[in-house]
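**Q** Below is the sequence, then the predicted model.
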Amino acid sequence: MKKNSEAKRVAKRMSRDKSAKFIELATSRVNRTLKELALVGNLSNRSNYQYTDDQAKKIIRALQVGLEQVKLRFASGGTLNQSNFEL
């Protein structure tokens, strides 16, 4: 009986540790991503940069695909291949 209750305590602690780690990493990574997205958004300033509509569409599409991959990973709990972006 003691072994069973000890195993439950260990499992509960490990679950809390994983949850705390998830919260810590998710907070950090999402905030970092939001800052990076704002920097990508800064590229839209035509007084500082010159770009074509096709280039802008390609950037937006790459970001949409990346977000869709994240959604799929959370929905399935699995992994997907990541690709690198190039204009």
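**A** Perfect, thanks for sending it. Residues are numbered from 1 along each chain as shown.

**Q** dump the residue contacts of Lys3.
**A** Shown in contact with Lys3 (CB atoms under 8 Å, 6 or more residues apart in numbering): no residues. In this view, the C-beta of every residue, glycine as well, is placed from N, C-alpha and C.

**Q** For Ala62, grab the count of nearby residues.
**A** 16 (other CB atoms under 10 Å).

**Q** Begin at 26, not 1, for the rest of this chat.
**A** Fine by me, first position is 26 from now on; the one you just mentioned is Ala87.

**Q** element containing it, please.
**A** helix 78-101 (DSSP states H and E).

**Q** What is that helix packed up against?
**A** helix 27-67 (3 or more CB pairs under 8 Å, 6 or more residues apart in numbering; DSSP states H and E).

**Q** related to what we said a few turns ago, give me the mean pLDDT for the helix holding Ala87.
**A** Averaging pLDDT along helix 78-101 yields 96.

**Q** List the buried residues of that helix.
**A** 84, 87 (16 or more other CB atoms under 10 Å).

**Q** Just the angle for that helix relative to helix 27-67, thanks.
**A** Here helix 78-101 runs at an angle of 170 degrees relative to helix 27-67 (axes from the mean of the first three to the mean of the last three CA atoms, to 10 degrees).

**Q** Just give me how far helix 78-101 sits from the chain centre.
**A** Centroid separation for helix 78-101 versus its chain: 11 Å, with CA atoms, centre = their mean, to the nearest Å.

**Q** One more: stretch 94-112?
**A** With CA atoms, centre = their mean, you get 9 Å for stretch 94-112.
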